[in-house]
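J.: Need a 3D model of the following:
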Amino acid sequence: MLVVKSMDVRDNFKALCDKVFNGETFIISRPKNENVVMLSENEYNEMMKAKRNVEYLAMLDKSMAEAEVGGFIVKTVAELEAYE
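T.: Numbering: from 1, shown residues only. Here you go, the predicted model:
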């Protein structure tokens, strides 16, 4: 991960985009430490996928914990069909 100044991004945008597309990640430093990160769409998508996976696994853990303490309702097939 490299750090570049926001003015350098303006001056070298195409070259930086090419580097980002090829796997490099940049921290763009801004005044008052209001920095941003520049990364490829593929890397962003992978991060979002990992985040969704973590959230889903946390939901499953919560559901399993509720089931272990009896926090579930038992229904017969006939009762479920009655909901249709």
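J.: quick one, helices of the protein?
T.: With DSSP state H as the criterion, the chain has helices at 6-11, 13-21, 41-68, 77-82.
J.: tell me the mean pLDDT over the third one?
T.: For helix 41-68, the mean per-residue pLDDT is 94.
J.: Show me the one of the helices of the chain that comes nearest residue 34.
T.: helix 6-11 (9.6 Å; C-beta to C-beta). Every C-beta, even on glycine, is put in place using the N, C-alpha and C of the backbone.
J.: elements contacting that closest one?
T.: Helix 6-11 is packed against strand 26-29, with contacts defined by 3 or more C-beta pairs under 8 Å, 6 or more residues apart in numbering; DSSP states H and E.
J.: helices or strands next to the strand it packs on in the packing?
T.: Against strand 26-29 (3+ C-beta pairs under 8 Å, 6+ apart) you get strand 2-5, helix 6-11, helix 13-21, strand 36-38.
J.: Select, out of the ones you listed, the one closest to residue 44.
T.: Nearest of the helices and strands packed on strand 26-29 (C-beta to C-beta): strand 36-38, 9.5 Å.
J.: quick one: the closest one to chain centroid distance?
T.: Mean C-alpha position of strand 36-38 versus that of the full chain (C-alpha atoms, centre = their mean, to the nearest Å) differs by 15 Å.
J.: strands paired with that strand, and their directions?
T.: Within its sheet, strand 36-38 is paired with strand 26-29 (antiparallel), according to DSSP bridges.
J.: Give the buried residues for the partner strand.
T.: Of all the residues in strand 26-29, those buried under the rule 16 or more other C-beta atoms under 10 Å are 26, 28-29.
J.: domain assignment for this protein?
T.: 1-39, 40-84 (automatic domain parsing).
J.: so of those domains, which one's packed in deepest?
T.: domain 1-39 (a mean of 12; mean count of other C-beta atoms under 10 Å).
J.: End to end on that one, go ahead and measure it.
T.: Start-to-end span of domain 1-39 (C-alpha to C-alpha, to the nearest Å) is 10 Å.
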